[in-house]
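Q: Here is my input, please return the structure:
(2 chains)
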Amino acid sequence: RKEVEQDPGPFNVPEGATVAFNCTYSNSASQSFFWYRQDCRKEPKLLMSVYSSGNEDGRFTAQLNRASQYISLLIRDSKLSDSATYLCVVNLRNFNKFYFGSGTKLNVKP
Amino acid sequence: DVKVTQSSRYLVKRTGEKVFLECVQDMDHENMFWYRQDPGLGLRLIYFSYDVKMKEKGDIPEGYSVSREKKERFSLILESASTNQTSMYLCASTNNQPQHFGDGTRLSIL
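A: Model (predicted):
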């Protein structure tokens, strides 16, 4: 079983739509959680960390559900520029290891 | 702002060649990582290093070695390149978290 699993998509949404991605992780000892954004043929870039209480950054909201072992990313009022692949990342700090999901592809259409 | 620099964006080598990929970070980070990214497989950890001259195998170390002679530099070595090592290679560094990535090296082995 993969450490981190994501729906690969693609999610095709119109501009202005709200879209949500989930990501599940298998190791209950996971301590830190992140969402990265990756544009085609570019490196992953940190979008936001995910905190236990949930956190928001503009149009983006991240949540963590430890009991069910998943994190989510909600994007409101989608822009064309949000089109990218979104990677879920989980860290086991004690082992200094980061586990990446395969990514969820988002296409925002005019 | 953290800067992680990889020596080449694109590289073409021949089967059997010894290939060196260089990564330099300017933030005095303790931890450095080498990943490869392939379609449908996400990022897979090859090796990481948590200090100078220290290295740990990741999930797919076979066919690779690494060198960390200075804190800021982490080199990935393909001892005898093979066509199945054609991939996007990403270097990352961090102290506490999250990871910061270089631009990536798209390596083709012919």
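Q: Mind giving me the packing neighbours of the worst-scoring helix or strand of chain A on mean pLDDT?
A: Every helix and strand of chain A was ranked by mean pLDDT, DSSP states H and E. The lowest is strand A:97-100, at a mean of 88. Strand A:97-100 sits against strand A:84-92, strand B:42-49, with contacts defined as 3 or more Cβ pairs under 8 Å, 6 or more residues apart in numbering or on different chains; DSSP states H and E. C-beta coordinates here come from the backbone N, C-alpha and C atoms, glycine included.
Q: Can I get the ones you listed in a markdown table including mean pLDDT and distance to A:A29?
A: As requested, the helices and strands packed on strand A:97-100 are exported to a markdown table (pLDDT from 0 to 100; distance: least, Cβ to Cβ, whole Å):
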| stretch | mean pLDDT | distance to A:A29 |
| --- | --- | --- |
| strand A:84-92 | 93 | 6 |
| strand B:42-49 | 93 | 17 |
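Q: and those strands as CSV, adding mean neighbour count?
A: Listed next are the helices and strands packed on strand A:97-100 as CSV, based on neighbours: other Cβ atoms under 10 Å in any protein chain shown:
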stretch, mean neighbour count
strand A:84-92, 23
strand B:42-49, 22
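Q: for those, which one sits closest to B:K3?
A: strand B:42-49 (18.1 Å; Cβ to Cβ).
Q: Next, see if the closest one gets close to chain A.
A: Yes: counting by Cβ under 8 Å from any Cβ of the partner chain, chain A is contacted by strand B:42-49 at B:G42, B:L43, B:L45, B:F48.
Q: Going by residue numbers, what spans are strands in chain A?
A: A:4-6, A:11-14, A:19-25, A:32-38, A:44-50, A:55-57, A:60-65, A:70-75, A:84-92, A:97-100, A:104-109 (DSSP state E).
Q: circling back to that earlier point, using JSON lines, lay out the helices and strands packed on strand A:97-100 together with distance to A:Y51.
A: Output for the helices and strands packed on strand A:97-100, formatted as JSON lines (distance: least, Cβ to Cβ, whole Å):
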{"stretch": "strand A:84-92", "distance to A:Y51": "13"}
{"stretch": "strand B:42-49", "distance to A:Y51": "23"}
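Q: picking up where we left off before, widest-spaced pair of the residues of strand B:42-49 next to chain A?
A: B:G42 and B:F48 (16.3 Å).
Q: Distance from the chain centre to the least confident helix or strand of chain A, please.
A: 13 Å (Cα atoms, centre = their mean, to the nearest Å).
Q: and the most centrally placed residue in chain B, what element?
A: Closest to where the C-alpha atoms of chain B average out (Cα atoms, centre = their mean) is B:W34, at 3.2 Å. Per DSSP states H and E: B:W34 is located in strand B:31-38.
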